[in-house]
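# how would this look folded up:
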Amino acid sequence: MWRGLYTAGAGMITESKRTDTLANNLANANTNGFKRDEAVSREFEPMLIKRINDGINKNDVTSFKQFHVGEQYPVVGTLGLGSRIDEIATEHTQGAFETTGNPLDLAISGNGYFAIQTENGVRYTRDGNFYKSANGQIQTVNGQTVLGANGQGITIPQDATRIMVGSKGEIYADDQQVGQLQLVQFDNRRAVLKQGNNLYYPQEGAQPQPAAGEVLQGVLERSNTNIVSEMVELINNYRLYEAGAKAVTTQDTMLEKSVSEVGRVS
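Below you'll find the predicted structure:
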């Protein structure tokens, strides 16, 4: 009975964490370059159940105080012990492109990340919604410096009237190249993890390489979250959580009866 409570409770915790993941996907459905997450669950190791003392000849000379030598008990099956969230996996599929016409709105078609300088070191993003600061430096909406291929920021002259960006990240101001964006990718997409604020940080030992993707100017990559499918999954997840709650209630009722009625001494 206690095992049933813990098993149902573990399932509820799993579905609660899955709900948080789905809610985060929906909250970022309009975030540029956002990649949806998937909560991957895993079952705890099930327990093998066997029938004991079933059809045993108690007069057998090998039987002694319920212990029987050389006996193979009949197998009933396995008993599940609940589930847990094994991993929050990020789906890196390409999001849809939206044309904005802003010369510093950039998107990457294919693999790759923009490199951003933050107070915690270099971070990576797919969000190419950039701006020119007061001193002419290209920055993110949070005021973080967008890094060039040389590891430094890129400054656009104040009197520049036309900005062009090439497919490999070359930055031109009035037909004069003023820098080139640092575009990187990783052999394993799991080499980078989400940090927050639409940024990724590399795992220890992950080495960035030149990106194979191409830069599109005047375009933003939208989130790859599908609102309809996320809502359907959220409803289904609610039903699973509700089923777990009913299982806990049933187990609690049975436990109460076993204590107050079955165990009563007359």
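# who's in contact with residue 174?
157, 160, 161, 162 (CB atoms under 8 Å, 6 or more residues apart in numbering). Quick note: C-beta positions are derived from backbone N, CA and C, even for glycine.
# would you list these in TSV and tack on neighbour count and secondary structure?
Below are the contacts of residue 174 laid out as TSV (neighbours: other CB atoms under 10 Å; DSSP: H, G, I helix; E, B strand; the rest coil):
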residue	neighbour count	secondary structure
157	11	coil
160	15	coil
161	7	coil
162	9	coil
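# the helix or strand harbouring residue 172 pairs with which strands, parallel or anti?
According to DSSP states H and E, residue 172 maps onto strand 170-173. Its sheet considered, strand 170-173 pairs with strand 163-165 (antiparallel), strand 176-180 (antiparallel) by DSSP bridges.
# just the ones you listed: most buried one?
strand 163-165 (a mean of 17; mean count of other CB atoms under 10 Å).
# quick one: that one to chain centroid distance?
When distances are taken as CA atoms, centre = their mean, to the nearest Å, strand 163-165 is centred 34 Å away from the chain's centroid.
# can you get me a residue count around the closest residue to residue 124 other than its chain neighbours?
Take residue 124 and drop its neighbours on the chain: the residue closest to it by CB to CB, 6 or more residues apart in numbering is residue 113, 3.7 Å away. Other residues within reach of residue 113, judged by other CB atoms under 10 Å, total 24.
# ok, residue 113 - contacts?
124, 125, 126, 183, 184, 185, 192, 200, 211.
# with residue 37 instead?
21, 24, 25, 88, 89, 90, 91, 194.
# show me what the helix or strand harbouring the third one is packed against.
By that I understand residue 25. If you go by DSSP H and E, residue 25 is part of helix 2-27. On a contact count with 3 or more CB pairs under 8 Å, 6 or more residues apart in numbering; DSSP states H and E, helix 2-27 meets strand 37-43, strand 83-90, helix 227-257.
# for the first one, the distance to its chain's centre please.
The gap between where strand 37-43 is centred and where its chain is centred comes out at 9 Å by CA atoms, centre = their mean.
# give me the buried positions along stretch 146-156.
For stretch 146-156, the neighbour count (16 or more other CB atoms under 10 Å) marks 146, 147, 148, 149, 153, 154, 155, 156 as buried.
# what about it, average pLDDT?
Averaging the model's pLDDT scores along stretch 146-156 yields 94.
# do the same with stretch 164-182
Here the average pLDDT along stretch 164-182 is 94.
# kindly export it (C-alpha atoms) in PDB.
In PDB, the C-alpha atoms belonging to stretch 164-182 read as follows (Å, rounded to 0.1, in the frame of the first residue of the first chain):
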ATOM      1  CA  MET A 164      24.900  45.000 -45.800                       C
ATOM      2  CA  VAL A 165      25.500  41.500 -44.300                       C
ATOM      3  CA  GLY A 166      27.000  38.700 -46.300                       C
ATOM      4  CA  SER A 167      26.000  35.000 -46.100                       C
ATOM      5  CA  LYS A 168      29.100  34.200 -44.000                       C
ATOM      6  CA  GLY A 169      28.500  37.100 -41.600                       C
ATOM      7  CA  GLU A 170      30.600  39.800 -43.400                       C
ATOM      8  CA  ILE A 171      29.500  43.300 -42.200                       C
ATOM      9  CA  TYR A 172      29.700  46.100 -44.800                       C
ATOM     10  CA  ALA A 173      29.100  49.800 -44.100                       C
ATOM     11  CA  ASP A 174      28.700  51.800 -47.300                       C
ATOM     12  CA  ASP A 175      30.400  49.000 -49.300                       C
ATOM     13  CA  GLN A 176      33.400  48.900 -46.900                       C
ATOM     14  CA  GLN A 177      33.900  45.800 -44.700                       C
ATOM     15  CA  VAL A 178      34.000  46.700 -41.100                       C
ATOM     16  CA  GLY A 179      34.000  43.200 -39.600                       C
ATOM     17  CA  GLN A 180      32.700  39.700 -39.700                       C
ATOM     18  CA  LEU A 181      30.300  37.900 -37.300                       C
ATOM     19  CA  GLN A 182      31.600  35.000 -35.300                       C
END
